[in-house]
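*Asks:* Give me a model of this one.
(2 chains)
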Amino acid sequence: MAQPRVLVVGGGLAGLSASMRLAELGVGVDLVSLVPVKRSHSVCAQGGINSVNALTRQQGDNEWKHFDDTVYGGDFLQHQPPVKEMADWGPRIIDLMDRLGVPFNRTSEGFRDQRRFGGTLYKRTSFAGATTGQQLLYALDEQVRRHEVDGKVKKWEFWDFLGPVLDESGRCRGAVCQDLVTMQFRAFPADAVVLATGGNGLIYGRSTMSMVCNGSAVSRAYRAGAWYGNGEFIQVHPTAIPGADKLRLMSESARGEGGRVWVPKKPQDPRDPREIPEAERSYFLEERYPKYGNLVPRDIATREIFDICTTDGLSVEKDRLCVYLDLTHIPRETLDRKLGGILEIYEKFQGVDPRSMPMKIFPAVHYSMGGLWVDYEKSASGGMLEGSPRNQQTNIPGLFAIGECDYQYHGANRLGANSLLSCIFSGLFIAPTLANHAGSAVGDSSRLFEAEIRRQDERHRELLARTSGVENPYELHHQLGNIMTRVATVVRRNEQLSAAYDEVCLLAERWKRCAVSDTGNWTNQNVVFTKAVGDMFPVAKLILKGALMRDECRGAHYKPAFAMPGLAATDPVSKRREAEQWCDAFAANTRKWLKSSIAKCDADGNPEISYQDIDTSLTPPRPRLYGLVGGDTIEEVWKEREAEATAAGQSPVVGGRTVGAGT
Amino acid sequence: MIRTVEATAGHEEMAAGNGHHEAEGRMVRVRVLRQDIAGGESYWERFEVPYEPNMNVISVLQKIAARARSLDGRRVAPVTWDCNCLEEVCGSCTMLINGRTRMACSALVDKLVVEDGEEIELRPMSKYPVVRDLVVDRRRVFRALEKVEAWVPVEGSYDLGPGPRISPEEQEDAYPLSTCMSCGCCLEACPQYTKIEVIRRDDESEADFDARRKAAYDSGFVGAHAISQAVLFNAHPTGRMIADERMEALTSKGGIQVCGNAQNCVAVCPKHIPLTRSIARVGRAATFWAIKKIFDR
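*Replies:* Down below sits the predicted model:
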């Protein structure tokens, strides 16, 4: 039999860690990437990577708490076994990256230093300056280069994944890709295809994501029949630097190192911010969330910043919305040592030194919690069973997804510094699954590839021939980005989502009349971009429809019409009564909506959405109460119900009192 | 504690890049050295795009792509260029801007206009084969990392506990070297680094061409970036276990001896990596290495 061969698409943290481990297992790897893998979007991750560590352990931390923070921060929308497995692997992954030479910041004794990130009270985050993603990626890139020299990995850089190739039984037998220099097509037969292609921020026009994060590979798999889970959950990062071409990330680590968010109490106070006395500043996150302060989960920080600018009119500037992110109270030397990289970015692009002047920041689209639906097999200990052929496999046999492009780990909101962990974890963990998978497909597939190359070639030629079209793909992309940012980010409303869906359908129709301005067949970025824009519409539609259908608030998905406000009463008796009602409503909502949305694509690129129950077998869902008024009383009531339910062998969600027992 | 947010203004602002609107009437003029195909003739073309406050060379190129018209109104193919992160950490968008090698994303139009006058000039890097327009083939940069074995030679990725203890001083020494993004600025600016272009023969297999291309790369100067990476890994407690192999590579053809000490590399590095210090360290080590080899014979 031929040597097993796996096609890995995408060379960020997930794709590289999978490639490294596969090479070690003796599986041949073809690694396809739109850019040289060292230039992948993972380099933009700044703040760090989470794991329980020796220090936090002694403060009462453990893997279970990391798991619990992750599912609580994610509003319980993730299946729990994969999250538990990831948290369990955390310490091993940090050790591994340390061994690979990542220059993690050190304590005076030479141990790895950690800082605190959002959604936790422990300092779990290891970091390498403020370019942790870049440093992790380089370490993996170096190891994969070693395997490349040894002939175990073959890189195909500047290649575009055009779609999986399925046989009559529906099994994935490989893929067809296109060389972005010569524009030639090529068949990549493989025992398994792994997508590690990251997020889809470009659907929103400007975001914190890199130019390759257009979601095209995932869209192509989705159109070929792969399911898409939790599409409506898009993380909007609280702190970014607005820009004409990109909204550049200002890492959560700025707050992790003590950065404070504030606005002047007087609207658009014209004074130099450094001249404004403490008493005339509103540190609104610290005031409203005394426990977590500036490190509340991202969805909450984003809504608060958004709200203070739009509703309260307290934006720092009149003509553009922004708040201060202030580091000026921290010694320069500390800032340079721990945050140097991001401060340079601010300085370079804004021309202001953030060490001596508060930064002006505003939220921006940042991460796709949703992604390709993938399976897993639960282990006896409640984690994921290593080597199971089901792990990270999409509904298409032989097609897998890892990293940001899967929907598995972050639920309704991702905690900061958990993405680097989920990417490396899913990449490493999947390798034995893929090795086991090798050789399971039978029959000659060459005819399938010939047919698919013919189809792709026709599509390509058809696009090149469109010189007389009236639509401009760049303009359509711009309009799509505006629509998506307007209706499907921080605050969502049904009438807007519904109208936007129709608008996007119209844009998708207009795209069919696009003209290409470059008809050549050599390094034609114009036609590649036009294709990618066309592939954004099916994903944009599933995001909008998923958001429209989900009538609740959960994590990053916030609909004011379905918000559950805190308690209004102040006297203990009415407060208690309100809390009971609140918990009833919470239980009812959980029964109705604690489900993954699953989008399936029809022949016209429109989504059909259904819902799937979530495995909450490890810890039952509970109210997410960060800073909610009356949260203490709600928590008290909920804990009593939990205790009663546990005694009765039930779930607290099912055992609602005034609302009849649910399903 | 979130109150119901009624205003939608914030969303509009996010979409608009927060208040960056085209300033009435002002245009940015650009001249680009273009080339349609590898090995083809190059020619100049001029473009004009509307000015926006805070715009960089990438957003100028994005606007050129969207318009696809030259200054004289002809329909032309959009200019082709490399970019990805747009925040100067990926190393993609190196080009010659007003004659200086630098990253296009961090080249702000306002500054360029003040420093060099109204028209911006864009050219592809000159030390690499042009693929098309501003896109060049930089595979040689990555080949150099193979040559100097720029990695920590671990036995495998299974859990064997943490890495070695490293003092904060060592970390602070290593970290700047580790921010090298293989952009190639230092190589473009280096007088000893000259262009190597290998063209595939009609009868040549992919593998043969690959081998010939790599051999040609290896005969040329390895460059400041790779020398600096060798220093980085030679300083790492595990990395230095193959320091001899790196010294062997760095004292072979195209090694440290080619450096003419022009010190251009350190002047153009966008990450301010102390490249000349790395070169000096390897230079000293090479001397010891040569003596050691004499005595080892």
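*Asks:* what about residue 295, neighbour count?
*Replies:* Going with chain A. By other Cβ atoms under 10 Å in any protein chain shown, 22 other residues sit near A:L295. The C-beta positions use only the backbone N, C-alpha and C, and glycine is treated the same way.
*Asks:* Not quite, go with chain B.
*Replies:* Residues near B:F295, counting by other Cβ under 10 Å, number 6.
*Asks:* Could you tell me whether it really is in a helix?
*Replies:* Yes. Per DSSP: H, G, I helix; E, B strand; the rest coil, B:F295 lies within a helix segment.
*Asks:* wait, isn't A:Y626 in contact with A:I300?
*Replies:* Yes. At 5.8 Å, A:Y626 and A:I300 qualify as touching, with contact defined as Cβ atoms under 8 Å.
*Asks:* Need the overlap of contacts for those two.
*Replies:* A:Y289 (Cβ atoms under 8 Å, 6 or more residues apart in numbering or on different chains).
*Asks:* Neighbour count for these two, which is higher?
*Replies:* A:I300 (26 against 17).
*Asks:* where along chain B do the strands fall?
*Replies:* B:27-35, B:42-50, B:94-97, B:100-103, B:119-123, B:130-132, B:135-136 (DSSP state E).
*Asks:* Partner strands of the shortest one, with direction?
*Replies:* Right, the one you point to is strand B:135-136. If you go by DSSP bridges, strand B:135-136 pairs up with strand B:130-132 (antiparallel).
*Asks:* Report the rounded mean pLDDT for the partner strand.
*Replies:* Over the span of strand B:130-132, the pLDDT mean works out to 98.
*Asks:* Where do the helices of the stretch 1-150 of chain A begin and end?
*Replies:* In the stretch 1-150 of chain A, the helices defined using DSSP state H, counting those that start in this stretch lie at A:13-24, A:54-58, A:63-73, A:80-99, A:132-149.
*Asks:* Comparing those, which comes out most buried?
*Replies:* Across the helices of the stretch 1-150 of chain A, averaging neighbours per residue (mean count of other Cβ atoms under 10 Å in any protein chain shown) puts helix A:13-24 on top, at a mean of 30.
*Asks:* got the contact list for that one?
*Replies:* Helix A:13-24 is contacted by residues A:6, A:8-9, A:11, A:29, A:31, A:33, A:37, A:40, A:42, A:133, A:136-137, A:140-141, A:143-144, A:147, A:150, A:152-153, A:194, A:196-197, A:402-404, A:420, A:423-424, A:426-428, A:430-431, A:434-435, B:156-157 when judged by Cβ under 8 Å, 6+ apart.
*Asks:* Among these, which ones are in strands?
*Replies:* Using DSSP E, the subset of the contacts of helix A:13-24 located in strands is A:V6, A:V8, A:V9, A:V29, A:L31, A:S33, A:V153, A:V194.
*Asks:* The last one: what's it in contact with?
*Replies:* Residues touching A:V194, when contacts are defined by Cβ under 8 Å, 6+ apart, comprise A:V6, A:L7, A:V8, A:V9, A:G15, A:A18, A:Q392, A:F400, A:A401, A:I402, A:I430, A:L434.
*Asks:* In which helix or strand does the residue nearest to A:V194 when sequence neighbours are not counted reside?
*Replies:* With Cβ to Cβ, 6 or more residues apart in numbering or on different chains as the criterion, A:V194 has its nearest non-adjacent residue at 4.5 Å, and that residue is A:F400. Using DSSP states H and E, A:F400 sits in strand A:399-401.
*Asks:* what's the nearest residue to A:K266 if we skip its chain neighbours?
*Replies:* Sequence neighbours aside, A:E280 is the residue nearest to A:K266 in space, at 6.6 Å (criterion: Cβ to Cβ, 6+ apart).
*Asks:* In terms of pLDDT, where does that neighbour sit?
*Replies:* For A:E280, the pLDDT comes out at 97.
*Asks:* pretty sure it contacts A:V263?
*Replies:* No. A:E280 lies out of contact with A:V263 (Cβ under 8 Å); the separation is 10.4 Å.
*Asks:* Do you know the pLDDT at residue 65?
*Replies:* By default, I'm working from chain A. pLDDT, read off for A:K65, is 98.
*Asks:* hm, I was asking about chain B
*Replies:* 95.
*Asks:* what number of residues lie near it?
*Replies:* Per other Cβ under 10 Å, the neighbour tally for B:A65 reads 21.
*Asks:* This completes my enquiry, with thanks.
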